[in-house]
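Engineer: Quick check, what structure comes out for this input:
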Amino acid sequence: MTQFSQSVPESETLTYKNQGKFSQVEISWTEMDVPLIQAENYESLGFGYGYAHARDRLIELVGQAIAMRGQRSKYYGAEAFSTLGFLKTTNLNSDLMFKLRVPDEWVKEEFKRLNSETQDYIVGYVNGLNYFVDNLSEAQYQQIIGQEPMIRFEVEDVVRFTMRFGVMKELIEIGPHLVATANCINASTPSDQESPHSKPVEVEGGFGSNAWAYGGDVVEGDSAILVGNPHSAWQRNPHQIRIYMHQCHLTIPGELDVAGTTFLGFPLPLTGYNADVSWSILDAATVTSYVMQFMDVKLEQGSIKYLLDGDYKCATTRYIDIETLQESGEVTIQTYPFAQSHLGTLFQLPQSPNKPAGWYAITNPGERNAKGLDQFLSAAKARSTKEFIEQIEQHRGVLCQLVVADKHGDVGYVVAGNVPPITDEVMASAHIGIEGVAFNILDGSQTKNSFRDNNQKPLLAARSFYPSIISRGIIHNTNNSYKYSEFGQQQPDYPSVFGQHKQLHTLAAARLDYDPRLIMSYKRMQELSANGKISAQQALEVVFDNRNYAAETFLDWILTLEPSDCTAPIRQAFQVLANWDRKNNPDSRGALLFHQLWGKVVKAKLVRVVGFGNPEVESELLHTPQSQTAILEALKQSVTELEQLGFALDTAWGSVLYQTAEQRPISMHGGSYEQGVLNGEMPAELTRDGFAYILFGTAYLQLTQWRDGSICPQVLLAHGQRDGRDSSARTQQLRMFFDKALYPMPYSTSQWEKTKLTNKVTISTFDKSLNH
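Structural biologist: Model (predicted):
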């Protein structure tokens with residue numbers, strides 16, 4: 001391992017009683033709390049990251065493990081609500097979902113299927129987590145853990161963290177109906193329509209990400225530039241287990257040298273870089289990752305039957321035990337029965353706008369899959385965009401999109417997860433045939449529509465089925481599909497499971513009806529391309545200029561609606577909007593008023609994207625007399641809201657959107673996805689003190705370029721590394737965010753030699769100090 005010459009203020013040597021391949025690991029932290037972890041093998045490397053991760057995010061990881069084990073009801077009660085990633089539902093719904101869709105037997109099987117080096121890394125990671133906890137003093141334990149529950153980590157927890165990526169989207173469809181489904185099977189239990197468990201799953205605050213890769217043909221120099229802008233939450237509590245970035249640098253000399261951010265307990269960089277390649281993750285928002293088979297089910301006394309190829313087959317019953325905390329403090333076991341067909345669990349779902357009421361099975365090729373761990377470990381060693389995409393394709397696991405760039409000037413796009421291998425023609429022939437029903441609702445009464453193999457496992461698509469892209473131009477993605485991800489080059493049509501461009505209505509990122517970020521990104525790419533070669537600073541300004549697409553596009557017309565006889569407050573409101581710079585900078589005056597107004601305009605469905613995802617087609621705002629009246633009424637309501645909360649109409653944006661550090665506010669910038677602000681910051685409700693918090697948005701930024709053949713990463717993790725700690729590193733980075741500045745992150749040995757380290761821990765299988 002590389003030994004750095006500089007002195008480290010705090011150094012500690014610890015001993016671990018080796019129970020495997022562990023030998024030694026060295027963890028060095030920068031001033032920004034980023035750990036460099038160096039080891040000689042994968043188990044030792046994983047151990048080091050487990051230790052470092054636990055130091056910063058122990059309670060977050062405990063919460064992840066409890067949720068993925070299906071044990072939130074055990075610790076917090078069945079009816080309390082929690083947010084997992086970005087989906088809010090009851091603890092019981094969450095527990096049933098993961099017990100059903102990530103069962104223990106699958107988890108154990110999937111661990112055995114992983115590559116040996118991946119297994120070693122996970123074993124080490126889990127041992128490192130537990131070792132950190134085991135070495136806490138009583139005072140440290142109380143300070144970090146307090147009254148929150150504690151568990152012993154297992155390798156199965158990490159496998160569950162990974163398997164969840166393939167099935168999480170199902171929670172929106174089936175989550176609110178799991179208890180009712182079980183009650184249907186259990187005739188002695190009446191169905192409770194007023195149950196909190198039947199409340200629709202809420203997409204809390206939305207989610208979204210951006211990434212831009214500028215290839216060798218459009219940049220200064222021959223190497224590509226990548227701006228990774230994955231969006232995450234800004235805070236955590238026991239009931240909001242959200243996407244929350246953590247930085248690391250993992251090194252095995254001559255074998256692996258990768259850095260970036262992890263999240264959701266997945267212990268490898270999902271956005272990251274090595275010496276030759278840089279990548280950024282985005283949600284696969286437009287991907288339809290499963291089909292739902294509509295089943296003809298008969299519930300007869302003592303039996304459940306379903307129609308298949310003209311005959312009724314008997315379903316079996318699977319019982320799910322949920323440990324449940326009662327008001328008395330006692331933990332009891334509640335049992336929920338579910339019918340099992342050849343297609344797996346049957347769910348009874350009510351009528352919705354895109355499907356009829358009835359019983360459904362789900363065929364999801366993303367289930368029963370932990371290969372995402374192999375996927376990102378192998379991709380971390382790639383030496384080119386082409387090789388990176390090949391590794392992602394070879395080990396499809398995590399359902400996401402990736403934008404990638406390399407030192408050779410190539411950029412690319414790839415879908416990383418599994419999708420149903422079904423063409424539009426085959427999908428149409430299997431459809432239930434009811435007009436207006438979603439395209440992936442199929443007739444489950446015929447074997448030909450199972451899309452499973454002889455072992456009833458979902459069929460997987462070949463590589464050629466997927467729309468991967470390699471270019472030397474520009475790749476940009478704002479959670480949109482492959483179709484318009486290469487700037488200036490519309491991709492040929494692929495099956496609708498990748499994006500339904502021909503449909504009259506699809507939801508954008510964050511399940512929003514209206515998300516114009518791609519249009520704004522396209523507009524910015526046009527502007528950059530027209531001005532010659534693109535520099536790294538110009539690439540960063542695409543995020544940090546905070547231009548508001550909705551204001552640039554529609555505000556001039558809205559200003560024409562000012563009535564001649566309006567009240568003084570409304571006249572002032574029009575004046576504030578007219579004077580606004582149409583950006584969401586900290587000092588922008590008018591952004592707050594427009595934020596309140598635009599949310600109402602979108603909710604009233606007065607604005608729409610007419611290009612069905614085509615960024616060359618601008619969105620439209622209805623100009624009817626009724627819409628004009630509605631907009632004026634929305635403005636009046638917005639003025640009243642601000643007056644009641646004590647805000648002037650021209651209140652600066654940064655005085656309501658801010659973070660607190662060292663007991664002082666630091667103004668933030670960025671804005672709502674609905675307004676097409678690429679520096680997305682989705683604020684929570686507005687209170688007298690400003691926005692309560694930021695739900696989701698820009699927290700981590702990664703700008704990578706190559707100079708003289710060497711990677712020069714610049715990064716920023718604005719919410720900081722350490723959960724619940726007001727560190728100087730967090731304060732510095734919040735101020736950098738305010739200043740729209742990133743900092744250079746060391747990568748090479750020579751860069752690390754010049755980096756100030758704050759502390760170092762060396763963990764060995766024996767105490768070296770005893771030899772002196």
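Engineer: Residue 285 and residue 124: what is the separation?
Structural biologist: Applying Cβ to Cβ, to the nearest Å, the value for residue 285 to residue 124 is 34 Å. For every residue, glycine as well, the C-beta is placed using N, CA and C.
Engineer: So if I had to pick from the two, which one is more boxed in?
Structural biologist: Using other Cβ atoms under 10 Å, the more surrounded residue of residue 285 and residue 124 is residue 124, with 29 against 25.
Engineer: which residues in the stretch 251-400 of the chain form helices?
Structural biologist: 372-379, 385-394 (DSSP state H, counting those that start in this stretch).
Engineer: Which of the helices and strands in this structure ranks last by mean pLDDT?
Structural biologist: strand 202-203 (a mean of 72; mean pLDDT, DSSP states H and E).
Engineer: partners of that one, with directions?
Structural biologist: Sheet pairing here is set by DSSP bridges, and for strand 202-203 it gives strand 87-90 (antiparallel).
Engineer: Check what contacts the following helix or strand past the strand it pairs with and list those residues.
Structural biologist: Scanning forward in sequence from strand 87-90 by DSSP states H and E, the next helix or strand is helix 91-101. Identification of contacts with helix 91-101 by Cβ atoms under 8 Å, 6 or more residues apart in numbering yields 67-73, 76-82, 84, 160, 164, 167, 170-171, 174-176, 178-179, 182, 197, 201, 320, 322, 324, 336, 338, 345, 367.
Engineer: switch the cut-off to 6 Å
Structural biologist: Residues outside helix 91-101 that contact it (Cβ atoms under 6 Å, 6 or more residues apart in numbering): 68, 70, 72-73, 76, 78, 80, 82, 84, 167, 171, 175, 178, 197, 320, 322, 345.
Engineer: those strands in the stretch 251-400 of the chain, which residues are they?
Structural biologist: 256-263, 266-273, 277-282, 291-295, 297-300, 303-308, 311-314, 316-325, 331-341, 344-345, 347-349, 358-363 (DSSP state E, counting those that start in this stretch).
Engineer: Just put these in a markdown table and tack on mean pLDDT.
Structural biologist: Shown next, in a markdown table, are the strands of the stretch 251-400 of the chain (pLDDT from 0 to 100):
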| stretch | mean pLDDT |
| --- | --- |
| strand 256-263 | 98 |
| strand 266-273 | 98 |
| strand 277-282 | 98 |
| strand 291-295 | 98 |
| strand 297-300 | 92 |
| strand 303-308 | 96 |
| strand 311-314 | 97 |
| strand 316-325 | 97 |
| strand 331-341 | 97 |
| strand 344-345 | 98 |
| strand 347-349 | 96 |
| strand 358-363 | 98 |
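Engineer: for residue 186, what are its contacts?
Structural biologist: So residue 186 contacts residue 337 (Cβ under 6 Å, 6+ apart).
Engineer: how much space is there between it and residue 338?
Structural biologist: Distance from residue 186 to residue 338, by Cβ to Cβ: 10 Å.
Engineer: nearest spatial neighbour of residue 609, skipping sequence neighbours?
Structural biologist: residue 619 (4.7 Å; Cβ to Cβ, 6 or more residues apart in numbering).
Engineer: Touching, that neighbour and residue 517? I think so.
Structural biologist: No. Taking contacts as Cβ atoms under 6 Å, residue 619 lies outside contact range of residue 517: 11.2 Å.
Engineer: Between the two, tell me which one has more neighbours.
Structural biologist: Remark: of residue 619 and residue 517, residue 517 carries more neighbours, 27 against 18, as counted by other Cβ under 10 Å.
Engineer: where does the protein dip in pLDDT?
Structural biologist: Filtered on pLDDT under 70, the chain yields the residue ranges 1-5, 86, 187-193, 204-207, 501-514, 611-612, 767-772.
Engineer: looking at the strands of the stretch 251-400 of the chain, which is buried most?
Structural biologist: Comparing those by mean neighbour count (mean count of other Cβ atoms under 10 Å), strand 277-282 ranks first with a mean of 29.
Engineer: Which positions within stretch 75-86 qualify as buried?
Structural biologist: 75-76, 78, 80-86 (16 or more other Cβ atoms under 10 Å).
Engineer: May I have that stretch exported as PDB, CA atoms only?
Structural biologist: C-alpha atoms of stretch 75-86 as PDB (Å, rounded to 0.1, in the frame of the first residue of the first chain):
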ATOM      1  CA  TYR A  75     -39.600  -1.500  15.700                       C
ATOM      2  CA  TYR A  76     -42.000   1.300  14.800                       C
ATOM      3  CA  GLY A  77     -45.400  -0.300  14.600                       C
ATOM      4  CA  ALA A  78     -47.400  -1.300  11.500                       C
ATOM      5  CA  GLU A  79     -49.400   1.900  10.800                       C
ATOM      6  CA  ALA A  80     -46.700   4.500  10.900                       C
ATOM      7  CA  PHE A  81     -45.500   5.900   7.600                       C
ATOM      8  CA  SER A  82     -42.000   5.800   6.300                       C
ATOM      9  CA  THR A  83     -40.200   6.900   3.100                       C
ATOM     10  CA  LEU A  84     -38.000   4.400   1.400                       C
ATOM     11  CA  GLY A  85     -35.800   6.000  -1.300                       C
ATOM     12  CA  PHE A  86     -38.500   8.300  -2.500                       C
END
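Engineer: quick one: contacts of it?
Structural biologist: Against stretch 75-86 from outside (Cβ under 6 Å, 6+ apart): 67, 88, 90-92, 94, 149, 196, 203-204, 207, 239-243, 324-325.
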